[in-house]
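[1] Quick one: sequence and predicted model below, then my questions.
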Amino acid sequence: MNVKDIMSSPVYTIAPEETVAHARKLMLKHKISTLVVAEKEEMVGIVTKTDLGKRLAQAEPMWRRRPIDKIPVSMVMHENPITIYPGATPAQACELMIENGINSLAVVNREVLGIITGTDIMKYYSEQDIKTKVSEVITDDIVFVHRHHTINHVIHEMEENQTNYVIVNDDADEAVGMITTASVAFNQMADNEGNLPSKSIKMTRRSTPAGVKEYRYVKEVPLVAEDIMTELPHVIDINNKATNAARIMLSEHTIALPVSNGGNIVGLINRRDIIRAVQQA
């Protein structure tokens, strides 16, 4: 089995001067996570959902002052992307991804033939008869946030802990959802004046002596974690096979699964753990 046998093709491209908003629309339309950035039919970069999430989630003024439809792809793409030959093995692709901290490789033989991503690796791995257990590859500690924490707090926790996902807890400290950098990228979109999204809530003052609540008014408040979280993925037992974890991630379209031991969530197994398992197999 070679990279050419498991890569994604055709390749969708975007020009460096086109906007991040357009890149987002292409990803949504074609249900993809990676775009090749090309200029005069030559590849000059790669942009992924994770890139959008990490860059657009930054609290730097340059992002706050520029509306999403005016930020060029060139400001968020990876320049000089790492490439691989179509005849390379999946293990070699995994090694390149791990060494360079990336999730996508352009497959090139004079021209770009396709893209191999962590999802392609998981598809390949899920079809193999490998005995590796979740306990042998799990690496992630869990970062928790409360459902009422602001998106800015969520972003801070991701950056502080260098993670692409957090688990959302409710008031009883029960896990109720997950947020990924992709969640942030596809929800944390500034308006045309560069303001972050918010929601309107109705506020009611204290009841009158007659028992009637009056003076309703609407207040603008920032979005919070529960506004953009996704439903908590399937929880997998720590003694289950890593190949089963890969299958579940694929079926639930997620990049990580909570891992339980004796009924308690003790960690996360993520796409990078699966990539490392392929490399070691």
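    Perfect, thanks for sending it. Predicted model, so just to flag it, every value in this text is computed and none were measured. Numbers count the residues shown, from 1 in each chain.

[2] list the buried ones in stretch 126-135?
    For stretch 126-135, burial by neighbour count (16 or more other CB atoms under 10 Å) applies to 126, 130, 132-135. The C-beta positions use only the backbone N, C-alpha and C, and glycine is treated the same way.

[3] Distance across it, terminal residue to terminal residue?
    The first and last residues of stretch 126-135 sit 17 Å apart, counting by CA to CA, to the nearest Å.

[4] Give me the contacts around that stretch.
    236-243, 245-247, 250, 259, 269, 277, 280-281 (CB atoms under 8 Å, 6 or more residues apart in numbering).

[5] can you rerun that using 7 Å?
    For stretch 126-135, the surrounding residues in contact (CB atoms under 7 Å, 6 or more residues apart in numbering) are 236, 238-243, 245-247, 250, 259, 269, 277, 281.

[6] re the thing from before, from the buried residues of stretch 126-135, pick the one nearest residue 47.
    Residue 47 lies nearest to residue 126 out of the buried residues of stretch 126-135, by CB to CB, at 26.4 Å.

[7] sorry, back to before: any chance of the buried residues of stretch 126-135 in JSON lines, with distance to residue 27 too?
    JSON lines is the format used below for the buried residues of stretch 126-135 (distance: CB to CB, whole Å):
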{"residue": "126", "distance to residue 27": "23"}
{"residue": "130", "distance to residue 27": "31"}
{"residue": "132", "distance to residue 27": "31"}
{"residue": "133", "distance to residue 27": "33"}
{"residue": "134", "distance to residue 27": "29"}
{"residue": "135", "distance to residue 27": "34"}
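
[8] Among the residues you listed, which has the minimum pLDDT value?
    Lowest in pLDDT among the buried residues of stretch 126-135 is residue 130, which has 83.

[9] Check the spacing between that one and residue 277 real quick.
    7 Å (CB to CB, to the nearest Å).

[10] now residue 89
    15 Å.

[11] Please, where are all the helices along the stretch 101-250 of the chain?
    118-126, 134-137, 151-161, 181-185, 225-228, 242-252 (DSSP state H, counting those that start in this stretch).

[12] Between the ones you listed, which one is closest to residue 75.
    helix 181-185 (14.0 Å).

[13] Please name every helix or strand in contact with the closest one.
    Under the contact criterion of 3 or more CB pairs under 7 Å, 6 or more residues apart in numbering; DSSP states H and E, the helices and strands touching helix 181-185 comprise helix 49-56.

[14] Now the helix it packs on: average pLDDT?
    71.

[15] Now do the strands in the stretch 1-150 of the chain.
    Taking DSSP state E, counting those that start in this stretch as the test, the strands found in the stretch 1-150 of the chain are 13-14, 34-39, 42-48, 78-79, 83-84, 104-109, 111-117, 144-146.

[16] Pick out the shakiest of those, pLDDT-wise.
    strand 78-79 (a mean of 86).

[17] tell me how far that one is from the chain's mean position?
    Per CA atoms, centre = their mean, to the nearest Å, the displacement of strand 78-79 from the mean C-alpha position of its chain is 18 Å.

[18] Looking at residue 89 and residue 277, which one has more neighbours?
    Applying other CB atoms under 10 Å to residue 89 and residue 277 shows that residue 277 carries more neighbours, namely 25 against 14.

[19] Make sure the more buried one is actually in contact with residue 138.
    No - checked against CB atoms under 7 Å, the pair residue 277 and residue 138 is beyond contact range at 10.3 Å.

[20] shouldn't residue 139 be in contact with residue 273?
    Yes - at 5.9 Å, residue 139 counts as touching residue 273 under the criterion of CB under 7 Å.

[21] I am finished for the moment; much appreciated.
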